[in-house]
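[1] My questions concern the predicted model and sequence given below.
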Amino acid sequence: MKKMLLPTLLASLMSCAWAFADVPASLKDKGQITAAIVPNYPPMDFKDTSTNTLTGLDVDLGNALAERLGVKIIWQETAFEQMVSGLVTKRFDIILSGMTDTAERQKSVTFIDYFASGPQLYTLTKNAELNELTDLCGKKVGTSRRTTWPAEIAAWSKANCETAGKPAIIVTGSEGSADARAQLRQGRLDAAMQGSETIAYLMSQEKDAYKPIGLAISKQFTGLGVSKSNPELAKAIQDAMQSMVDDGTYGKILKKWELEQGAVTKVGMDQGK
């Protein structure tokens with residue numbers, strides 16, 4: 001029995017040693033990696049109300065990633081607006097908080113793309129007249145002003161409403177997805193937009209309250225952010241994340257959160273546009 005277990009044990013130890021050797025020396029010496037997170041975007045990032053602890057897809061992926069890299073992960077809650085600046089000034093080592101990889105953000109951040117989704121419109125179930133995307137022409141639609149989504153809605157409106165002789169969608173910037181949702185419930189908006197990965201979760205939490213309108217209007221990559229000044233760390237994380245995809249660890253985590261539709265088979269870098 002001991003002879004049979006020995007090769008397996010040696011292989012496991014060699015695998016861990018290889019992963020740890022790929023981590024930049026500065027991080028290896030520190031023995032920990034600090035991750036910025038904004039826990040207000042379920043099921044990607046949020047707090048378990050019964051325990052007040054961080055949970056969600058990103059938390060599970062981050063914990064598994066740190067274990068694979070051989071370091072401890074320290075989660076640091078922050079404001080969305082401070083994440084990129086905090087990464088540049090080295091307050092954090094990484095951003096792991098459902099951040100969309102965009103060309104503009106790539107000027108300061110290297111993104112390891114681990115999830116694919118897109119901005120999707122939804123409304124209240126009681127709004128029986130709103131079923132197709134073109135039903136929103138001339139209507140008030142809200143979404144977080146911190147994202148690229150207001151511009152995307154305006155571009156979609158121009159291509160699909162205005163060119164067809166219909167009134168443009170009236171785009172309203174909100175303080176975040178929760179704010180847009182609150183305005184929708186108050187009747188101040190006709191529809192709202194948030195990531196397609198969150199719609200099913202939202203509908204499961206508030207039964208019969210919301211319904212999606214059409215499909216996501218574009219494809220976007222969600223990326224783990226690393227400073228441009230730290231390419232070694234970016235490559236180590238990309239390799240470790242790809243190994244999690246290859247051995248099924250990644251798939252199990254996505255399945256737990258019912259987010260398999262956003263899975264990637266190849267962990268790319270800076271694929272956002």
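    Yep, it's here.

[2] switch to C-alpha atoms for all contacts and neighbour counts from now on
    Noted.

[3] who touches Q194 in this structure?
    By C-alpha atoms under 8 Å, 6 or more residues apart in numbering, the contact set of Q194 is 119-121, 143-144, 177.

[4] same thing but 10 Å
    41, 118-122, 142-144, 147, 149, 176-178, 180-181, 216 (C-alpha atoms under 10 Å, 6 or more residues apart in numbering).

[5] quick one: which of those residues sit in helices?
    149, 177-178, 180-181 (DSSP state H).

[6] before we move on, the earlier item: mark which of the contacts of Q194 are buried, thanks.
    Neighbour-count burial (16 or more other C-alpha atoms under 10 Å) applied to the contacts of Q194 gives 41, 118-122, 142-144, 147, 149, 176-177, 180-181, 216.

[7] mind listing what's buried in the helix or strand hosting A155?
    Element membership for A155 (DSSP states H and E) is helix 149-160. Buried residues in helix 149-160, defined by neighbour count with 16+ other C-alpha under 10 Å: 149-150, 153-154, 156-158, 160.

[8] right, and the helix or strand after it?
    strand 170-174.

[9] Contacts for that next one next, please.
    Contacts for strand 170-174 (C-alpha under 10 Å, 6+ apart): 136-147, 149-154, 157, 179-183, 188-192.

[10] rerun at 6 Å
    Identification of contacts with strand 170-174 by C-alpha atoms under 6 Å, 6 or more residues apart in numbering yields 139-145, 180.

[11] Please parse the chain into its domains.
    The chain resolves into domains spanning 10-117+220-262, 119-213 when parsed by automatic domain parsing.

[12] can you redo these as CSV with distance to G272 and mean pLDDT?
    Output for the domains of the chain, formatted as CSV (distance: least, C-alpha to C-alpha, whole Å; pLDDT from 0 to 100):
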stretch, distance to G272, mean pLDDT
domain 10-117+220-262, 5, 91
domain 119-213, 12, 95
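
[13] Out of those, which gets nearest to M269?
    Closest to M269 of those is domain 10-117+220-262 (C-alpha to C-alpha; 4.6 Å).

[14] and the closest one, how far from the chain's centre?
    In terms of C-alpha atoms, centre = their mean, to the nearest Å, the centre of domain 10-117+220-262 is found 10 Å from the chain centre.

[15] May I ask which helix or strand encompasses A116?
    Here A116 is assigned to strand 109-117, by DSSP H and E.

[16] quick one on the thing from earlier: any idea which of the contacts of strand 170-174 is closest to N63?
    Closest approach between the contacts of strand 170-174 and N63, by C-alpha to C-alpha: S144, at 28.0 Å.
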